[in-house]
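Engineer: What follows is a protein structure lacking sequence information:
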């Protein structure tokens, strides 16, 4: 890598996932209205959404009308069944100008057993090869209910991909890590707790050995979803799944809710561990020319495990979060520029 590349500032775009364009958890604006809301907010560079079947033309029209490009998308897939769907989504992504396709791979295989690391790596390689031809970066997400909920598997899959001569890229959603801190029940999922207790997996972002810092410093993170969460995040008692179970609780209001807008006490300081991961990612991207990060999408949503039933404005929270992220990005760039200036002034 040449010296001129090392001196060139990194770029970064900020967007919003389409399912987060909601004034409250019960609203359901149409496609045109959602794009209008994003345009009027004035803080988002792009829209993050894979158009559902039959709605591609409507998304294209709204994107052109409001000047908001669809630069990222995503969906969830069951291996052994949905590989053709993923290939089709990558083709749609190419048609819409999408740069990054976020991929959520379910824990279970279509045959009924759990997917193996080897199968996830093979699925990544197949998708990445298609994406490479189409100009779409494929990123596998760290996410609950997915193979990656056991965070140690991400490095295992990345190593398998590397042995095939490719580089594994991921979407970092730090909320899925942060909410498990001080949360023994959630750590039990996929046997993660034994790894945490033994110190083999570290969740605390302030530790140099944390899993999130390892992904960031290892240049695995090419995309990010920004959803605020706190250690031992309160379960979403206002959100219910079809079977009646209460939401797991992987979302925390970014701004102080008014009385009656949220179900639990709100303390701003509890957001600091999640904010620290965001700062680490921004600082790393600003200072490391090898960082593959392209975009960061706010994803404050109304699903049961997240914000279902919330009475505060999810969209206004997204606007406030995007504004904060932009300010932190400016600060990270300033620090990186200062470091480059000192380096270049040395004899």
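Structural biologist: Cool, the structure landed. The model shown is predicted, which means the values in this text are computed figures rather than measured ones.
Engineer: wait, isn't residue 292 in contact with residue 224?
Structural biologist: No. Assessed by C-beta atoms under 8 Å, residue 292 is found out of contact with residue 224, at 11.1 Å. To be clear about C-beta, it is placed using only N, CA and C from the backbone, and glycine gets the same treatment.
Engineer: Have a look at those two and say which one is more surrounded.
Structural biologist: Set residue 292 next to residue 224 and count neighbours by other C-beta atoms under 10 Å: residue 224 wins out with 31 against 16.
Engineer: Who's the closest spatial neighbour of that one, skipping the chain neighbours?
Structural biologist: By the measure of C-beta to C-beta, 6 or more residues apart in numbering, the closest residue to residue 224 outside its immediate chain neighbours is residue 296, 4.4 Å from it.
Engineer: Same question for residue 295.
Structural biologist: residue 13 (4.6 Å).
Engineer: burial of the one you found, as a residue count?
Structural biologist: Neighbours around residue 13, by other C-beta under 10 Å: 17.
Engineer: Can you pull the phi and psi angles for it?
Structural biologist: The phi/psi pair for residue 13 (degrees, to the nearest 10) reads phi -110, psi 150.
Engineer: quick one, what contacts it?
Structural biologist: For residue 13, the contacting residues are 45, 46, 71, 294, 295, 296, by C-beta atoms under 8 Å, 6 or more residues apart in numbering.
Engineer: Where does the residue nearest to residue 224 sit, in terms of helix or strand?
Structural biologist: strand 295-298 (DSSP states H and E).
Engineer: Do I have it right that residue 73 meets residue 46?
Structural biologist: No. Counting by C-beta under 8 Å, residue 46 is not a contact partner of residue 73; they are 10.4 Å apart.
Engineer: Which residue of those two possesses the greater neighbour count?
Structural biologist: Each of residue 73 and residue 46 has its neighbours counted (other C-beta under 10 Å); residue 73 has more, 25 against 22.
Engineer: Check which helix or strand the more buried one maps to.
Structural biologist: Going by DSSP H and E, residue 73 is in strand 70-77.
Engineer: distance between that strand and the chain's centre?
Structural biologist: 11 Å (C-alpha atoms, centre = their mean, to the nearest Å).
Engineer: Which other helices and strands does the next helix or strand after that strand contact?
Structural biologist: Once the chain leaves strand 70-77, the next helix or strand it forms, by DSSP H and E, is helix 83-96. Applying 3 or more C-beta pairs under 8 Å, 6 or more residues apart in numbering; DSSP states H and E, we find helix 83-96 packed against helix 56-66, strand 70-77, strand 100-105, helix 117-134.
Engineer: can you list contacts of the shortest one?
Structural biologist: So that's strand 100-105. 48, 50, 71-77, 79, 86, 89-90, 93, 115, 120, 123-124, 127, 131, 136-141, 143, 146-148, 171, 222-223, 225, 294-295.
Engineer: Mind doing that once more with 7 Å?
Structural biologist: 72-74, 76-77, 79, 86, 89-90, 93, 115, 120, 123, 127, 131, 136-141, 143, 146-147, 171, 222-223, 294-295 (C-beta atoms under 7 Å, 6 or more residues apart in numbering).
Engineer: The stretch 201-347 of the chain: strands as residue ranges?
Structural biologist: 221-226, 236-240, 246-247, 295-298 (DSSP state E, counting those that start in this stretch).
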